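*Asks:* starting from these lines, generate the structure:
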Amino acid sequence: MTPSDHAATDHDGSSNKSVSVSRLIAAEPAAIFDLLADPARHSEFDGSGTVVAGSSTNPERLRLGARFGMSMRMGVPYKMSNEVVEFVESERIAWRHFGHHIWRYELEAQHDATLVTETFDWGSARIPAAFYELARYPKTNKANIAKTLERLAAVTESAR
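*Replies:* Numbering: from 1, shown residues only. Below you'll find the model as predicted:
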């Protein structure tokens, strides 16, 4: 069994208003981080099916405080602007948009692989937490995170 064959592990952090899923990916942390830090490639690994493409004005590589835009589609097309709010090279990157909920990726080296944990965190959101729960975002996002990690594994492992 290769590291990417392991089942994803769910983490339900509902007490702190977040949901996470982890997956072991057979790639070095730096290779995975390079993909996450390149907004032009986000549509390649997005498991929600909503990320269409990055903006032509995006930086080539994200850094703390960087702003970047995405063309999105959830029934109808729309644009989303994000800001990188956490950044530790090859270890952690997170961004948020105007709603202030956060998408976070944490990478931990594991022998010949990387444990990647993606988290949807609505603890700092401007919209009341009850909205996220009534809209079933935690459950929906947890499923989409698992799909994202599956796609992230496929993209990074195919580049090896």
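*Asks:* point out where the chain drops to low pLDDT.
*Replies:* Within the chain, the ranges that satisfy pLDDT under 70 run 1-15.
*Asks:* all helices of it, in order?
*Replies:* Applying DSSP state H to the chain gives helices spanning 29-36, 42-45, 129-134, 137-158.
*Asks:* identify each buried residue in the longest one, please.
*Replies:* Applying a neighbour-count criterion of 16 or more other Cβ atoms under 10 Å, one finds 137-138, 141-142, 144-150, 152-153, 155-157 buried in helix 137-158. Heads up, the C-betas are built off the backbone N, CA and C, glycines and all.
*Asks:* same deal with the shortest one?
*Replies:* Of all the residues in helix 42-45, those buried under the rule 16+ other Cβ under 10 Å are 42-43, 45.
*Asks:* stretch 131-146: how far from the chain's middle?
*Replies:* The chain centre lies 14 Å from the centre of stretch 131-146; the measure is Cα atoms, centre = their mean, to the nearest Å.
*Asks:* send me that stretch as CSV with only the CA atoms.
*Replies:* Taking C-alpha atoms only, stretch 131-146 is exported to CSV below (Å, rounded to 0.1, in the frame of the first residue of the first chain):
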residue,chain,number,x,y,z
PHE,A,131,-25.6,30.2,9.5
TYR,A,132,-22.8,27.8,8.5
GLU,A,133,-24.3,25.0,10.5
LEU,A,134,-27.8,25.6,9.2
ALA,A,135,-26.5,25.7,5.6
ARG,A,136,-24.7,22.4,6.3
TYR,A,137,-21.4,23.9,5.3
PRO,A,138,-19.4,21.8,7.8
LYS,A,139,-20.7,18.5,6.4
THR,A,140,-20.6,19.6,2.7
ASN,A,141,-17.1,21.1,3.1
LYS,A,142,-15.8,18.0,4.9
ALA,A,143,-16.8,15.9,1.8
ASN,A,144,-15.3,18.5,-0.6
ILE,A,145,-12.1,18.6,1.4
ALA,A,146,-11.7,14.8,1.1
